[in-house]
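*Asks:* Fold the following for me, if possible:
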Amino acid sequence: MDLQRLRDNLTSDNPATAALPALLAFHAVRLKQLRAMLLTDVRDGRLHIGDQVIVLAEPARQRLTAYLNHRAATWPTTVNPHLFIHRRSWMHDRPVTPWWIRKQLGMSGQLIRQDRILDEAHATSGDLRMLCELFGLSTAGATRFIDSVNSPDRGGTYRI
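*Replies:* Below you'll find the model as predicted:
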């Protein structure tokens, strides 16, 4: 992954470009979840996604707050209930497209998500339960990341 590009995105003057990678890099939110998020899913410093309640990391909270302020100032009359909107989507109630997210990031959002999960797999020494709870993964999904931590024959490369 291009870490410099990720750092540049996180410090971008564009609030959406800063908020999107923050949710991916700190919380490994799925791309389809990013698209489907509603304004009401963010409350009390937490992100509510289905049955999962995620306490937002301070850097993610700061970027999301900046984005929400930008959103309210730029499109005060929007009827779009989705968290992320842009100059074309504010007039309707559909979510942003995967293309828009990729354009904002300039890189693969899925790669950011996978890198975050892999980092946590290493930090927890492959704690299956932790990965499942933290990222809402199935046991099979978490096992893919744990295999990369526990496999001695990979020689420092990861296959996900």
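*Asks:* Report the distance from the top helix by length along the chain to the chain centre.
*Replies:* Determined from DSSP state H, the single longest helix within the chain is helix 58-74. In terms of CA atoms, centre = their mean, to the nearest Å, the gap separating the centre of helix 58-74 from the centre of its chain is 14 Å.
*Asks:* cool, and stretch 69-86?
*Replies:* Counting by CA atoms, centre = their mean, stretch 69-86 is centred 19 Å from the centre of its parent chain.
*Asks:* buried stuff in it?
*Replies:* Arg71, Trp75, Thr78, Asn80, His82, Leu83, Phe84, Ile85, His86 (16 or more other CB atoms under 10 Å). Where C-beta positions appear, they are placed from N, C-alpha and C, glycine not excepted.
*Asks:* What is the longest helix of the chain packed up against?
*Replies:* On a contact count with 3 or more CB pairs under 8 Å, 6 or more residues apart in numbering; DSSP states H and E, helix 58-74 meets helix 15-27.
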